[in-house]
Each structure stands twice: as C-alpha cells, then as structure tokens.
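Enquirer: Following is a predicted model, sequence given first.
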Amino acid sequence: MNAPATTASDGRRPSERARARAAYRRAQHRRALLVAGVATALVLGAVVYVVTTAPGWERAREAFFSPERAWEVLPEVAAGLWLNLRVWVVASVVALVVGLLLAVVRTSRVPALFPLRILAVAYVDVFRGVPLLLVLLLVGFGLPALRLPWLPVSAAFLGGLSIVVCYTAYLAEIFRAGIESVHPSQLAAARSLGLSRGQAVRRVVLPQAVRNVTAPVASMLVSLQKDSGLISILGAVDAIRAAQIATTGDYNFTPYVVAGLLFLAISVPLTRLVDAWSARQGWRGELRGVAGAGVVR
C-alpha cells in the first residue's frame, strides 16, 4: 500500500507540480553545495601547495608560525588585548551617545539651534574626511603640548579620545540617515495626539530611527574594535605593542600572528552576529512569515 502524500502546513495536500518543484529545488541545493565544496577544496589545495613549496617556506614558518613562541608570548599579548577591549567598550558607549546627540541637533529645525547645526555639520565633515591615523597623531602629540593640568595624557586615554572623535562623526551620519528614514507622518500623528515636538522626537522618531540603523551601527562598532589597535602608535601597551615588544631581539614575528588571531577571535563572532541580525531585520526576515515566500534567485 502506498504511503500517503505529504501535506502542507495548512493541511492541504500539495499538487504533483508543487512536489516536483520542491524536489527540483532540493536537487539544485545539493548540486550547489557539491560545486561549492569542490571549488573550495581546489582553491585551498592550490594555496597550500604554492605556500608550502615556496623556497623560503621553512624559514617563514619558523619566523611567523612557531607554536613554541606563540605559547610563550600569549599571556603578554592577551594582557595587551584587555586594554584594547576596555578602550573599545568605553569609546563605543561615548561615540554612540555623542553621535546620536549630533544627529538630533543636525536634523532639528529649531531656529535657536542653528549655530549648533552649523558646528555639527562642520564637525562631521572634518572628522569624516581626516584619516584616523592622522587624528591619533595630532591628538596624541598635540594635546600634551598644551600642558593642561586637568587633561590626562596617558596614551590609552588620548588614543581612545581620537577614536571617539572620528567614530562619533561616522555614527552621527548613520543616526541622521535613520532619523530621516522615519516618515514625516509619524511625527505629524504624534503631534496630533498632543505630544510636543520634543516628545514626538524622543518617543516616536528616535526609537524607530535607532531600530532602522541597528545593523550598520553594529558593523561600525565592529570596525571600532579593530581600530582600537591603532592606539599602539602612541605607546600604549596593547596587544599590538606587546607583540612588537616580544619581537625585539629575535626578529620572530609569531607574536604579531598571535595578536591577529586574538583580534579575529573577537571580531569574527561579532561580525556573524551582525550578519544574523541584518538577515533577521531585512527583507527576507520580513517575508519569513508569508506563505510561499523564500529566497529569490
């Protein structure tokens, strides 16, 4: 006796054509996985062959991939990474708050805030156009020259301040785009319910704006985590500086590889979380609950 045909989630029996289409899609998916696996294996095999058969491979392996040296310098590099993480967390919080305030000021239409809008536009234009490395050098060597008694002059503080200055400008533009993406009818509806303009912006516009730009803001914070390693040029003993100190004398560059792997151990999971969030909030996530919706090819 034949088994009953598979039924759809709503209890209806799929037609013969629908079953054929599903079988075809499964076959295409299996074929795509097979082709992708073979292509990946061929590329990786070619890379491994070229690298391992190079005339200087043995010397490069000892200079860059020494397991004994990596285990020896791991505690020092990890201790330096802890400084990078602290700078990243503090700089992220400050840049988010200040960037959101700048975006609110820049999108405000209050006449009394016109001078602040001009300053916000100038700030964003300047620090979005100047390289972060140059800002680090100017802030790191310029502010201590002023000899202000109340200003901390530690390399970690000045490096974090430079990162905040630049990333605040980036985040302000992202938040401004999120605010302008909210339809004006939302503000008009809030005003019609008796809310003042400030209340409407705070309770209606900003929550929607922040939600709209969560994924790009998270991507920017991942980039900030990587750029926290630039504070080493000011003398802060972070992961990169600790690796540089460890290479002094024996010219074995394995500590740099260790530092890179530690940064990857943080940035890669963060990147995957951002990708998952983007997929969940994006077009495919909106269609997930629609019957018959799927990935468009």
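Expert: Sure, I can see it. Numbering: from 1, shown residues only.
Enquirer: what's the neighbour count on Gly129?
Expert: Other residues within reach of Gly129 by the criterion other CB atoms under 10 Å amount to 8. (C-beta placed from N, C-alpha, C; glycine too.)
Enquirer: any idea how far Ser162 is from it?
Expert: In this structure, Gly129 and Ser162 are 15 Å apart, going by CB to CB, to the nearest Å.
Enquirer: Of all the residues in the helix or strand hosting Phe175, which ones are buried?
Expert: Taking DSSP states H and E as the criterion, Phe175 maps to helix 155-181. By 16 or more other CB atoms under 10 Å, the buried positions in helix 155-181 come out as 155-176, 178-179.
Enquirer: go on, stretch 217-236?
Expert: When burial is assessed from 16+ other CB under 10 Å, stretch 217-236 yields the following buried residues: 217-222, 224-225, 227-232, 234, 236.
Enquirer: got it, and stretch 118-125?
Expert: Burial within stretch 118-125, assessed by neighbour count using 16+ other CB under 10 Å, is assigned to Ala120, Tyr123, Val124.
Enquirer: Flag the shaky bits of this structure, pLDDT-wise.
Expert: Per-residue confidence of the chain (counting by pLDDT under 70) places the weak regions at 1-11, 281-297.
Enquirer: Please, where are all the helices along it?
Expert: Ranges of helices within the chain are 16-52, 57-64, 67-107, 114-129, 132-146, 155-181, 184-192, 197-200, 206-212, 214-227, 239-247, 254-281, 283-287, based on DSSP state H.
Enquirer: what inclination does the longest one have with respect to helix 214-227?
Expert: Okay, so that is helix 67-107. Using axes from the mean of the first three to the mean of the last three CA atoms, to 10 degrees, the inter-axis angle of helix 67-107 relative to helix 214-227 is 130 degrees.
Enquirer: could you say what helices and strands helix 67-107 packs with?
Expert: helix 114-129, helix 155-181, helix 206-212, helix 214-227, helix 239-247, helix 254-281 (3 or more CB pairs under 8 Å, 6 or more residues apart in numbering; DSSP states H and E).
Enquirer: Relative to Ala145, which of those is closest?
Expert: helix 155-181 (11.7 Å; CB to CB).
Enquirer: hmm, back to that, Throw the helices and strands packed on helix 67-107 into TSV and include distance to Ser15, thanks.
Expert: As requested, the helices and strands packed on helix 67-107 are arranged in TSV below (distance: least, CB to CB, whole Å):
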stretch	distance to Ser15
helix 114-129	56
helix 155-181	42
helix 206-212	40
helix 214-227	39
helix 239-247	60
helix 254-281	31
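Enquirer: Which one, of these, ends up nearest to Arg61?
Expert: Comparing the helices and strands packed on helix 67-107 against Arg61 with CB to CB, the closest turns out to be helix 254-281 (9.9 Å).
Enquirer: Show me which parts of stretch 100-119 are buried, residue by residue.
Expert: Of the residues in stretch 100-119, those buried under the neighbour-count criterion (16+ other CB under 10 Å) are Leu100, Leu102, Ala103, Val104, Val105, Arg106, Thr107, Ser108, Arg117.
Enquirer: typed the wrong thing, it's stretch 259-279
Expert: By neighbour count, and taking 16+ other CB under 10 Å as the criterion, the buried residues in stretch 259-279 are Ala259, Leu262, Phe263, Ile266, Thr271, Val274, Ser278.
Enquirer: Between those residues, which sits nearest Thr247?
Expert: Closest to Thr247, out of all of the buried residues of stretch 259-279 and judged by CB to CB, is Ala259, at 10.4 Å.
Enquirer: Could you pull up the residues touching the closest one?
Expert: Under the criterion of CB atoms under 8 Å, 6 or more residues apart in numbering, the neighbours of Ala259 are Val77, Gly80, Leu81, Gly229, Ala239, Ile240, Ala242, Ala243.
Enquirer: quick one: which of the residues you listed is most hemmed in?
Expert: Per-residue neighbour counts (other CB under 10 Å) across those peak at Ala239, which has 27 neighbours.
Enquirer: So it sits against Val77, correct?
Expert: Yes - with contact defined as CB atoms under 8 Å, Ala239 reaches Val77; the gap is 5.2 Å.
Enquirer: hey, what's in contact with both of the two?
Expert: Residues touching both Ala239 and Val77 comprise Ala259, Leu262, with contact defined as CB under 8 Å, 6+ apart.
Enquirer: I appreciate the help and will end here.
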